[in-house]
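Chemist: Give me a 3D structure for the following:
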Amino acid sequence: VWVAGTDGLSGGTDSTRVEFIVDGTLQILGSSGSPVQFKPEGENASYGAWYGIRVNSSGNLNMDHTTLEYGTIGLEILNPSGSSSITNSTLNGFSYHSVHGCPTTFDNNEVKNGQNTWAVRIVDCSQDRTYSNNHLHDNWGGVEVREFSAEVRATLSDWTVENSTNSHGANIFGFGIDQV
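Modeler: This next block holds a predicted model:
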């Protein structure tokens, strides 16, 4: 999927960049031999070339074997009680968070080459979550977990975080953090 360089409708969160806004269900299902790719149009892709995918409170996302590249925010998940599954995927070169929100599932992914802030920011979860086997590398920061209540738990299992340019692999705030 080639993403246009400008937003002809001037809508959404950033009126200058194309973004996908999900209010229903979006399924992006590739395979290991043929992943689906979302990247900017043109030969010289750069950070922030498009906005990303925003899953609103009424939206659901099922993403498997997908590559997202060179946007502002890769996945902005605003449905803490909805369904957002991200598996076996690569997020590369985002100028802000590659993942921001509380996906239902976030397993077996690679997040790399992010600038300016945490590659993965897990926030606002309303239910317990376990995320497994993720590899974060060459980002400004690795993973940040925050804004959990005392009743909600987050478990990060078998994560690798390396080569963070600000020297922080993980930043944990608040209650409900089970293990890292």
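Chemist: Tell me the pLDDT of the residue nearest to Gln127 when sequence neighbours are not counted.
Modeler: In space, and not counting its chain neighbours, Gln127 is closest to Val152: 6.5 Å by Cβ to Cβ, 6 or more residues apart in numbering. Glycine gets a C-beta too; all of them are placed from N, C-alpha and C. Per-residue pLDDT puts Val152 at 81.
Chemist: Ser157 touches Thr130, doesn't it?
Modeler: Yes: using Cβ atoms under 8 Å, Ser157 is in contact with Thr130, at 6.4 Å.
Chemist: OK, contacts around the residue nearest to Gln127?
Modeler: Contacts for Val152 were tallied using Cβ atoms under 8 Å, 6 or more residues apart in numbering; they are Cys125, Ser126, Gln127, Asp128, Arg129, Gly176.
Chemist: can I get those in TSV with neighbour count, pLDDT and distance to Asp23?
Modeler: Below are the contacts of Val152 laid out as TSV (neighbours: other Cβ atoms under 10 Å; pLDDT from 0 to 100; distance: Cβ to Cβ, whole Å):
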residue	neighbour count	pLDDT	distance to Asp23
Cys125	21	87	21
Ser126	14	84	19
Gln127	11	86	21
Asp128	13	88	26
Arg129	22	91	23
Gly176	16	47	29
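Chemist: now, which of those residues sits nearest Tyr96?
Modeler: Taking Cβ to Cβ as the measure, Tyr96 lies nearest Cys125 of these, at 19.7 Å.
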